[in-house]
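A.B. asks: Let's see this in three dimensions:
(one chain, ligands or ions: 1)
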Amino acid sequence: MPSKFMLCSFKTCPWVQRAAIVLQAKNIAYDITYIDRDHRPDWFLAVSPHAKVPVLVIDGKDALFESNAIAEYLDETVPPRLHPENALVRARNRAWTDFVPTFASTISNTMYTDSEEEFNAQAAKIAGPFGKLEEELAKHDGKGPYFNGAALSLVDAAYAPFLQRYTFTDRLRPLGLIERHPRLAAWREALLAHPAVKASTVANIEAVWQENLIVRQRWLAKFVSKDVIGAALIE
Ligand SMILES: N[C@@H](CCC(=O)N[C@@H](CS)C(=O)NCC(=O)O)C(=O)O
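C.D. replies: Sure thing, here's the model as predicted:
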């Protein structure tokens, strides 16, 4: 009998989205439970040692935390395999997955700044990771549209949420960075158009993300239309 999965989330969490992309790409049915960031329930705190989402509850009894561990577990237990078959290629994929937290923090640090000066200083730091990925993608030339070629992989699932957050930021305050990295730009386009990525968040994710900037009183919020207020309440 297939397992029953429940993903525990905050609505805008990119790390939860990574796990959701894997679930979607494998066509796995799952429930999603949104918890209140300010009032995390006891059952959640009991299974999440760092009090972070995602948590994946399996058959109501086992729980996993950390998006990478969740993605790897799903890939080992539910077909089709998203990791490449070749061990060398798989090891290289894992090496690039290990770079995701660095990549993610340059983007998150830019999103959550408190002044224009800070925003510009943090945004300048995105160029380093973008350059490294562009260089890596150059080695994959002619193999797209995803990291390893035609099939979506765990590397794709890991980077897509952050390339989406970059895109949301860029739409509010154009950064002019991805345009200088054509392979990364093409990869981003392919990822954001993939059905598993599109289905991995609430439908109005950009508005909910924008509203979150207002709630957190971040500098970028000044470019957000007040029309998004209440977006997080709409399913
Ligand atoms: N390394 C973790 C990161 C997860 C993470 O940072 N989640 C955020 C939400 S996007 C969180 O729960 N933060 C705790 C907090 O906001 O207090 C993973 O990959 O699962």
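A.B. asks: Which residue, neighbours along the chain excluded, lies closest to the residue nearest the centre of the chain?
C.D. replies: In the chain, the residue lying closest to the centroid (CA atoms, centre = their mean) is residue 161, at 2.5 Å. Spatial nearest neighbour of residue 161, chain neighbours left out: residue 14 (3.4 Å); criterion: CB to CB, 6 or more residues apart in numbering. Bear in mind the C-beta positions are built from the backbone N, C-alpha and C, glycine included.
A.B. asks: quick one, phi/psi of that neighbour?
C.D. replies: Main-chain torsions, residue 14, degrees, to the nearest 10: phi -70, psi -30.
A.B. asks: how much space between it and residue 110?
C.D. replies: Per CB to CB, to the nearest Å, residue 14 is found 13 Å from residue 110.
A.B. asks: related to what we said a few turns ago, show me the residues around the residue nearest to residue 161 that make contact.
C.D. replies: Going by CB atoms under 8 Å, 6 or more residues apart in numbering, residue 14 touches 104, 161-162, 164-165.
A.B. asks: Please indicate which of those residues has the highest neighbour count?
C.D. replies: residue 161 (28 neighbours; other CB atoms under 10 Å).
A.B. asks: Hmm, it is touching residue 22, no?
C.D. replies: No. The pair residue 161 / residue 22 is not scored as a contact, 11.5 Å apart, by CB atoms under 8 Å.
A.B. asks: coming back round to it: can you name the two of the contacts of residue 14 that are farthest apart?
C.D. replies: Using CB to CB, the pair of those lying farthest apart is 104 and 164, separated by 11.4 Å.
A.B. asks: Around the ligand, pick out the residues from the chain.
C.D. replies: Residues of the chain lying close to the ligand (CB under 6 Å from any ligand atom) are 10, 13-15, 37, 51-54, 66-68.
A.B. asks: Tell me the buried residues within the residues you listed.
C.D. replies: Among the residues of the chain next to the ligand, the ones that count as buried by 16 or more other CB atoms under 10 Å are 10, 13-15, 52-54, 66-68.
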